[in-house]
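1. return a 3D structure for these sequence lines:
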Amino acid sequence: MKIILFANTFEYFKSRKNFIKFLLDKKFKVYICGDTDKYDLYLEQIGCIILKFKIEKKGKNFFKELLLLFKIFTIFKKIKPDLILNFTIKPVIYGSIASSFLKIPHINTMTGIGIYFFKNNLFKFFFKFLFSFSQRNVNKIFFQNEENKRFILSQIARQNVNSEVIPGSGVDIETYKSISYPEDNIVNFLYFGRLLWDKGLGELIEAIKILRQKNLKFRVVLIGPYDSENIMAVGKKKLEEWVTKNYVTHFNYQENMKPYIEQSHCVILPSYMEGLPRSLMESAAMSRPIITTNTVGCKEVVSDKINGFLCNAKDSKDLANKMIDFINLNLSEKTKMGLEGRKIAERKFNEKIVINKYFDAIERII
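-> Here you go, the predicted model:
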């Protein structure tokens, strides 16, 4: 049996390596499509066949996009897979169009809502049409939360779409184990992810300023790369300013986040909207309390005042209040919050749940 997994980048499949190994163990011939990055070698080493595309995440050049679609169509036709799994918005659209024309069964995974759904311009209408058109023959769609599911299905001009909500890619609870809680007097807050304004970093800095005025003992660590291609990226000068003023300590992208999660007392993600943030699932699995926003995707991981605090999105004062509430907890209360997070991770986010869901769908289709 031949199966293609298609996403924007090979790095995307880092979080799904156990699923890929599962398919290989089941004797599938696994092809991975994506844009070139350092993870293609790893995927080759574990037994996958690599298919490289140049994919511009926000490319709008009609002729380049048409050429990309033609390349995808050509490769799919040559390989003749039994099934195609598309991940991330552009592969979901282009992979589905090519699959439909070639009459190849395909499963799509919506990892979030594309920004183009909310752009108020002519391109928005073209994008919505293209998305709806591409999903006309999809065999199944996986979503990461119920609200994304309702919104996306409302954009598809088709009834009775086979769809299901799953906890993202899940988390390997054997790798991300529960660890003892640090007893330092200075509270370490940790943010890790892309350094984008819509992740709430502006609000986080304003909250830090409020806490500084109260002379509280805490520090904030930001870990993540600068993304020059993203229009929402925090500029290098602004990041340097935050570091110079001692608002935050910044580290670039880290391959292994476990030591940083272990050293933290609380993980923060004040994002405006998410699919289902892996950073929060990993942190919960390692028994770390979380402060995040009461928004789509984030609130799925945190039960307010149980394994962390929920704050209002785009509200630096409310974020500051929740950070203060956390600082004022005693060690026993903080430790208990972390342990509750571990229970939630084991019950809801174990990646074995996700792998079984995918394999069940694959067996039903082929």
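
2. report the buried residues of the worst-scoring helix or strand of the chain on mean pLDDT.
-> Taking mean pLDDT, DSSP states H and E as the measure, the helix or strand of the chain with the lowest value is helix 122-134, at a mean of 76. Along helix 122-134, these residues count as buried under the neighbour rule (16 or more other Cβ atoms under 10 Å): 127-128, 131, 134. All C-beta spots, glycine's among them, are computed from the backbone N, C-alpha and C.

3. could I get these in a markdown table, plus columns for distance to residue 284?
-> Below are the buried residues of helix 122-134 laid out as a markdown table (distance: Cβ to Cβ, whole Å):
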| residue | distance to residue 284 |
| --- | --- |
| 127 | 34 |
| 128 | 34 |
| 131 | 32 |
| 134 | 34 |
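
4. quick one: which of these is nearest residue 212?
-> Comparing these against residue 212 with Cβ to Cβ places residue 127 closest, at 42.6 Å.

5. can you give me the strands for the stretch 251-366 of the chain?
-> Remark: strands of the stretch 251-366 of the chain, listed N- to C-terminal, are 266-269, 290-293, 308-311; assignment by DSSP state E, counting those that start in this stretch.

6. ok, now how distant is residue 78 from residue 93?
-> For residue 78, the distance to residue 93 (Cβ to Cβ, to the nearest Å) stands at 21 Å.

7. more neighbours, these two?
-> A side-by-side neighbour count of residue 78 and residue 93, using other Cβ atoms under 10 Å, places residue 93 first with 22 against 8.

8. would you enumerate the residues in contact with that one?
-> Neighbouring residues of residue 93 by Cβ atoms under 8 Å, 6 or more residues apart in numbering: 130-131, 134.

9. kindly report the same for residue 316.
-> If a contact means Cβ under 8 Å, 6+ apart, then residue 316 has 202-204, 206-207, 210 as its contacts.

10. and if you look at residue 19?
-> For residue 19, the contacting residues are 169, 351, 354-355, 358, taking Cβ under 8 Å, 6+ apart as the criterion.

11. so it sits in a helix?
-> Yes - the secondary structure assignment for residue 19 places it in a helix, going by DSSP: H, G, I helix; E, B strand; the rest coil.

12. rewinding a little: just the buried residues from the contacts of residue 316, in ChimeraX please.
-> In ChimeraX, a selection of the buried entries from these looks like this (16+ other Cβ under 10 Å):
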select :202,203,204,207,210
